[in-house]
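J.: sequence first, predicted coordinates after that:
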Amino acid sequence: MFEGMFGPTGELFHIGIRVPDLGAAMDEIGASHGVEWTSVRDSPFRVWEPDNGYAEYPLKLVFSRTGPCRLELLEGVPGSHWDGREVPGPHHLGVWVDSVADEVERLMARHWTLEFSAASPEEGYGRFAYIRSPEGVLFEPVEVANRERFETWWAGGELRSASG
């Protein structure tokens, strides 16, 4: 669907949705649409922000287990990027890319704005980034090298930690 839009990989694989209560959203969507969920990941999430450097936020998240395009539910603490209390609903599109650094640099050259990433620009932005189009659409390029660990999680295993 988005082939070529995000570089050579460019495969849309999830829609991120901010929710105020992860458990309630899982129950509601699961019951209404027969969605099965991965285990909940509930741990501090470290990101690099252009104006602040590194920051860490508590974050709960879960993915639907079937695809090809999955739902990702995110419950963030007040004031975080994933705070769904005031504006719940669709938040971003997640896309596999060969290189997050190349994708971020390509999009910033087109006047997109980096909101945050897994690592600083000097460290190549890490395994993912959130980058906003001039018209306000938020995309999350994710390094395709992470696909195997996500597929393990979607199949019922645990999501292994990854660095940067």
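T.: That came through fine.
J.: for Gly156, what are its contacts?
T.: Residues in contact with Gly156, defined by CB atoms under 8 Å, 6 or more residues apart in numbering, are Thr38, Arg65. Backbone N, C-alpha and C define where each C-beta goes, glycine included.
J.: local confidence estimate at it?
T.: According to the prediction, Gly156 has pLDDT 93.
J.: shouldn't it be within a helix?
T.: No: counting by DSSP: H, G, I helix; E, B strand; the rest coil, Gly156 falls outside a helix, being coil.
J.: where's it relative to Trp37, distance?
T.: From Gly156 across to Trp37, the span is 11 Å (CB to CB, to the nearest Å).
J.: and for those two, which residues touch both?
T.: Arg65.
J.: can you pull the pLDDT of the closest residue to Thr66 other than its chain neighbours?
T.: The spatial neighbour of Thr66 that comes closest, neighbours along the chain excluded (CB to CB, 6 or more residues apart in numbering), is Glu36 at 7.0 Å. With respect to pLDDT, Glu36 has a value of 96.
J.: for Glu36, grab phi and psi.
T.: phi -100, psi 140 (degrees, to the nearest 10).
J.: so what's it up against?
T.: Counted by CB under 8 Å, 6+ apart, Glu36 has contacts Gly30, Ser64, Arg65, Thr66.
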